[in-house]
Each structure stands twice: as structure tokens, then as C-alpha cells.
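>>> next comes the sequence, and after it the predicted model I'd like to discuss.
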Amino acid sequence: MANIGFEKFDIENTFLDPRRNFQPTVVKSEVRIDPLTGRTGHFAHFGAVKPQQLDLEKYLEPQGKGFCPFCSTRREALTPKFPGDVIPEGRLARGEALLVPNLHPYDVYSSVCIMTHGHVVPLAQFSYDQLFDSFNLGLDFLKRVKDVDPSLPYHIMGWNYMPPSGGGLVHPHQQYFATGNPGNRFTDELKASEQFYESCQRDYWSELVSIEQKNDKRYIGQLGDSHWMTSYVSLGMLGEILCVFPGVYSIDDFTTANVRELVDGLQKVFSYFGKAGIYSFNASLLFGSVGQRFFSVHFRIVPRTFLNIRDYAPDMNFFQVVLEEPISVVWPEDVCREVKSFF
Ligand SMILES: [Zn+2]
């Protein structure tokens, strides 16, 4: 039988409330335990954080724009090229997308995919082709790198969109890299997925999909091989959306149809973001090593916001940075209901 459990702690805090003549007031919050890793996440502070509207026009003004090496008039001259033994043609191009080495690399093979000609692209204006071409180019790069150097087993797409996400340039770009050190959460999930497989003889991610489908509390919908849901423990203040490809384990298994499903779903998520006033996010597409059958490919997208645009306080604090504890001010079950209407 399945070994996935959704455990939580209910927390109550009592104080004498100045808004109610110092009468005792009870505020409830919750700590949830991630069913895979055992890592916890807090749900508290409900309704206290609203996504802030960004003035995208400001990023086009000369003062706000600053210097952008990705703008099409310059990108050929100012971006680096790969050595011939990695990418013989130097760079990869498809439609508007151009994939180049990262001038500030994170690992042995580290690339940036410039997604568009436009410097500022609001979420509603991303075309299907811009997204499809960018993902395809990045996956092509990762597949080529895997052939050049199979010793780096993990493949990652990372995307910081707009300044609240930590993105240093507003010009849309994704990062693709191969690595032996994929980060703490990836490593924890990988180990826990392997343990789950050894003890249950099943892939955790496939099991998660079927349990969430049955529970029908956080399951958003299916597009081809992709299953979209909200995570039981949200990684972001404003929630998190998870897309799992059960039975698709590595970059070798990920097909063009899977890219289409990802882009289809992403455009629906962007429509939800538009309605919810979300202007910024972090996203990752994560691939385990070739040959294993326990760590399915999955994609996570986490809305980000400034807490206010008076002093640009970010939505991360000591909880996330020092304690590595996510805090969410929205319930995954509520986010699921909202997103579902776009699927
Ligand atoms: Zn630009």
C-alpha cells in the first residue's frame, strides 16, 4: 500500500487584542510535513501579503532599463560562445530564442537562454512559440551536454522572472545547467525518492499523482502526460504549483510532446497569475539521472512579490534564509480551486 501521508500540527496563539479592547484573541496557524522529505513548512499570516503590481513600463524607460546585453541589437556581439567541443556552432538559436554560455557560470556547463527579442514581456504576452522554442533550445543544450559529459548526472532549468524573484535582468531568460551538485532540496528529494522506491517498490511521484487525484483537494488537472497540482507544503508566500511527469525520469525520456504539455499548462498558470495580480516567479524543471526509475521529472513554479513597493521589502526573511523554512500565507487547497478554473 501507499506510504504517503499528509501530516500536520495545528498551532494556536493567544494574545490580548488592542483592536478588541484587549480581550483574548486566538490566532490559528499550521505546520505541515512534506510527505516525501519530512521537511516542514509554516502556514500563517493569512491575508497579510498581497502581490504587488509592478510598473512594467518603467523598465523600458532609459533610466529604469539600464544596460541590457540581451536586447537583440547587441546580443550577437556581447554574449559569449561555447567552445567547439561543447557546441560546435557556438550558440543555439530557434525562433526568437538564443542560448549562450552564462558569463557568470554556476557549473561546468552553464547556459542562459534569452527567450525573446523584447526586453519587457508581460506574462500575458508570452507567445506559445516563444515559450516552446526556449524550452526546446534549453533541452537540446542539456541533451548535448549529457552526451559530451555523462559524469554530470542532473539537469536543471531555472527561471527568475522579474525583480521580486531575484532576477538580475528583466529581459526574459532561463538558465540551463548540468551538475553533480543539484542543491539541497533536490538532493533530499532524490534520496527520499530512492528510499521510497526501495521500501514500496513504486515511484513516489506516480503515487503522489494518483493519491492527489483521488483526494481532489490539491489536484488541478492533467494535460497529456503532465499532472498539475498545488504542493502540500508550499515553497512560496503565495503558494506553489507543481507539475509532475510520472514515468518520465530523465532528460532522455522528455519528449517534444512533454514540452508542449508543459507550455500549455504554463500558459494556463500565467492566466491565473494575471487574475491574481502575480507579476513575478521562480520556476525550475528538474531531471534526475539517466537509468533510475524513482525520481520523475517535475516542474515547480513559485510566485514572488515585494511585500510593498514603498521600500521594496522582499518576501523572504530569516525563516527562509536562515531556518530554510517556507512560509505561506495562502492555503494550497484554495490556490488549487483558483487555478483549476483556468485548466
Ligand atoms: Zn533587454
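Arrived safely.

>>> quick one: residue 250 is in a strand?
No - according to DSSP: H, G, I helix; E, B strand; the rest coil, residue 250 belongs to no strand; its state is coil.

>>> residues contacting it?
With contact set as Cβ atoms under 8 Å, 6 or more residues apart in numbering, residue 250 has these partners: 155, 287-292, 297. (Each C-beta comes from the backbone N, C-alpha and C, glycine too.)

>>> equivalent analysis for residue 32, please.
Counting by Cβ under 8 Å, 6+ apart, residue 32 touches 6-8, 40-41, 43, 232-233.

>>> residue 74 now?
By Cβ under 8 Å, 6+ apart, the contact list for residue 74 reads residue 68.

>>> need the per-residue pLDDT for it.
Looking at residue 74, its pLDDT reads 84.

>>> which SSE is it in?
If you go by DSSP states H and E, residue 74 is part of helix 72-78.

>>> is that helix in proximity to the ion?
No - Helix 72-78 does not reach the ion (Cβ under 5 Å from the ion); its nearest approach is 8.0 Å.

>>> so does stretch 113-120 get close to the ion?
Yes - applying Cβ under 5 Å from the ion, one finds that stretch 113-120 is in contact with the ion at residue 119.

>>> quick check: end-to-end length of that stretch?
Taking Cα to Cα, to the nearest Å, stretch 113-120 runs 15 Å from one end to the other.

>>> which residues does that stretch contact?
With contact meaning Cβ under 8 Å, 6+ apart, stretch 113-120 is reached by 56, 59-60, 65, 68, 70-72, 75, 79, 96-100, 121, 125-126, 130-131, 133-134, 137-138, 141, 170-176.

>>> centre of the chain to that stretch, how far?
Averaging C-alpha positions (Cα atoms, centre = their mean, to the nearest Å) puts stretch 113-120 19 Å from its chain's average.

>>> can you mark which positions in it are buried?
Using 16 or more other Cβ atoms under 10 Å as the test for burial, stretch 113-120 gives 113-120.

>>> narrow those to those in strands?
Counting by DSSP state E, the part of the buried residues of stretch 113-120 found in strands is 113-114.

>>> ok, the buried residues of stretch 113-120 vs the ion, which is closest?
In terms of Cβ to the ion, no member of the buried residues of stretch 113-120 lies closer to the ion than residue 119, at 3.4 Å.

>>> not counting sequence-adjacent ones, nearest residue to that closest one?
Of all residues not flanking residue 119 in the chain, residue 171 sits nearest, at 5.0 Å (Cβ to Cβ, 6 or more residues apart in numbering).

>>> how about the contacts made by residue 236?
By Cβ under 8 Å, 6+ apart, residue 236 lies in contact with 282, 302-304, 315, 326, 328.

>>> what about 7 Å?
Residue 236 makes contacts with 302-304, 328, as judged by Cβ atoms under 7 Å, 6 or more residues apart in numbering.

>>> can you check the pLDDT for it?
pLDDT, residue 236: 97.

>>> likewise residue 1?
At residue 1, the pLDDT value in this model is 45.

>>> likewise the one 4 residues further on?
According to the predicted model, the pLDDT of residue 5 comes to 95.

>>> residue 137 now?
Looking at residue 137, the pLDDT reads 97.

>>> surely it is within a helix?
Yes - Residue 137: assigned to a helix according to three-state DSSP.

>>> for it, what are its contacts?
Shown in contact with residue 137 (Cβ under 7 Å, 6+ apart): 92, 94, 97, 99, 113.

>>> around the ion, pick out the residues from the stretch 151-300 of the chain.
Residues of the stretch 151-300 of the chain lying near the ion (Cβ under 5 Å from the ion): residue 171.
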